[in-house]
Structure formats: C-alpha cells, structure tokens
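1. With the input below, show me the fold.
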Amino acid sequence: MWSNSVDSIPRLLQFITHYVGKRPRDAGYSETDLNAVPLPAPLRSLYSYAGKWRLPSGGRLLARQNRLLPLEHIELSDGRFTFIEENQSCWRLGTDVKGRNPIVYSSDTSSLDWSATGIRLIECLRTFVLIEIMFGSNLWTSDSALPEDVSLLSACRHRATTWRTLCPNVRMDQATRSWSFFLANDTILVAHERYDDDEYVYCSANKASGQKVLRRLAKDLNLDIFPR
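-> Coordinates of the predicted model:
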C-alpha cells in the first residue's frame, strides 16, 4: 500500500511502467527543460519520467481524462502555477513553487481566484496518474458500485486470484470525492470512486490476460466495454 509521503512518487513511476509497458526513451523532459521552471520535487519527478509519454494509438499518456499541462505551457504567477487542466477547460488545479509537498488549489479557467482543496500535491498526483493510465488502457469497463454485493468491484475481487490494495481513499481535486485503487491478478487496475451519494467502479487492463478476464466480466454483468 502506498503512502502520501515523498518516497511514494518513485513507486508510482515504477507502477506506470509495470502497468503501461516499456517506457519510451523520449517519455520525459530533459534536465535542461526542467531547470527552466521551478517545480516542487514531486512534479519535477513526474515531468522527468512521463511528462511527454505518448501512446502508440496517439495522444499523451497523462492527458486521457484530464491533462497534465505540457511543461512549456506552465506560467508562474505570484509563486503559483497551473499544472492540471480539465479536459473541457472548465477547471484547473494549481500549486506553489515552494515546498516538498505543497497544497493543491482549484480554480475555474476564467479566473485565477484559487481555492485551497485541502489536498497535498503528492496525493493529488497519485490519484491523477492512476486515473489517467486507467482511462488510457487498451480496454476498460465500468459500473455503479452499488449494490455492493453484485457490483463489478465485488465480482472482480471474487474472481481474482490475487488482489492488492495500491492506495485507498485518495483525492485529486475535491475533499468529498475519493478514489481507491487496487490491482487484480497483477494485470487489472481497479478503481472505486466515491462522490456525494454515488459510487462507481472502473476496471481496466492492457495485457491480453487481463483483457480476457474483463471481457468475461463485462459479458456476465451486461456491461459495455471500451477498447482503445
């Protein structure tokens, strides 16, 4: 299980390669590029490792659901900057230049009236990255997580030969919206989202063995599947 400490970032980066596959040589920004922008250490590590990672099908790995801003688009304003933007440009997330694990702020894109989310950068990045690689998977499916005893979450866990908790109850942009992530059979990334009175579950896979399990689950539960 990953913590929200600074040392969880290397584990997150290792997991990207484990789940997505071999890292392209040009997946990250160079030291020269990174030195041009004063980033907090967790963000610097992410940009260095996967900031430019492109998928074979097109598009960036960390820009499937929402997007990590390209490093060259980051602009500092009073020591704060935007680093994540919603896919329809409705909102954005920002943080401070200083600090090993600074607070994350949110704002709509029409202003820079930042509101503190109460979420720290490392927790935000862990949640963001896992969501992005999930929706960038070769295959994914989803369903409501309620009622619990017949949900996709319970069905996947019941059929899995191994089940590992990656990080429970983490948040990206809202204190009342949490995600828990699991790894089934070492190949299936499972996400449980809780938001207000609703709960949803997503299962995704890149490897053929994981996709086979998901297709069978989706068929048994009459769920749509979404191939890349």
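2. which secondary structure element contains the closest residue to S115 other than its chain neighbours?
-> Computed as Cβ to Cβ, 6 or more residues apart in numbering, the closest residue to S115 that is not its neighbour in sequence is S106, at 5.5 Å. C-betas here are computed from N, CA, C, even on glycine. Element membership for S106, per DSSP states H and E: strand 103-108.
3. Now do the buried residues in that strand.
-> For strand 103-108, the neighbour count (16 or more other Cβ atoms under 10 Å) marks 103-107 as buried.
4. quick check, nearest of those residues to T82?
-> Nearest to T82, judged by Cβ to Cβ, of the buried residues of strand 103-108 is S107 at 7.8 Å.
5. count of neighbours near the residue nearest to the closest one when sequence neighbours are not counted?
-> Nearest residue to S107 in three dimensions, chain neighbours excluded: W114, at 5.0 Å (Cβ to Cβ, 6+ apart). Per other Cβ atoms under 10 Å, the neighbour tally for W114 reads 20.
6. For W114, give me its contacts.
-> Counting by Cβ atoms under 8 Å, 6 or more residues apart in numbering, W114 touches 80, 94, 105-107.
7. quick check, nearest of these to S178?
-> S106 (15.7 Å).
8. what residue ranges in the chain score low on pLDDT?
-> 1-7 (pLDDT under 70).
9. quick check: domain ranges of it?
-> According to automatic domain parsing, the chain comprises the domains 8-132, 137-221.
10. possible to save the ones you listed as CSV with distance to P227?
-> Below are these laid out as CSV (distance: least, Cβ to Cβ, whole Å):
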stretch, distance to P227
domain 8-132, 10
domain 137-221, 5
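11. Might you report the residue contacts of R92?
-> Residues near R92 by Cβ under 8 Å, 6+ apart: 82, 84-86, 106-109.
12. what do you get for L221?
-> Contacts of L221 by Cβ under 8 Å, 6+ apart are 143, 152, 155.
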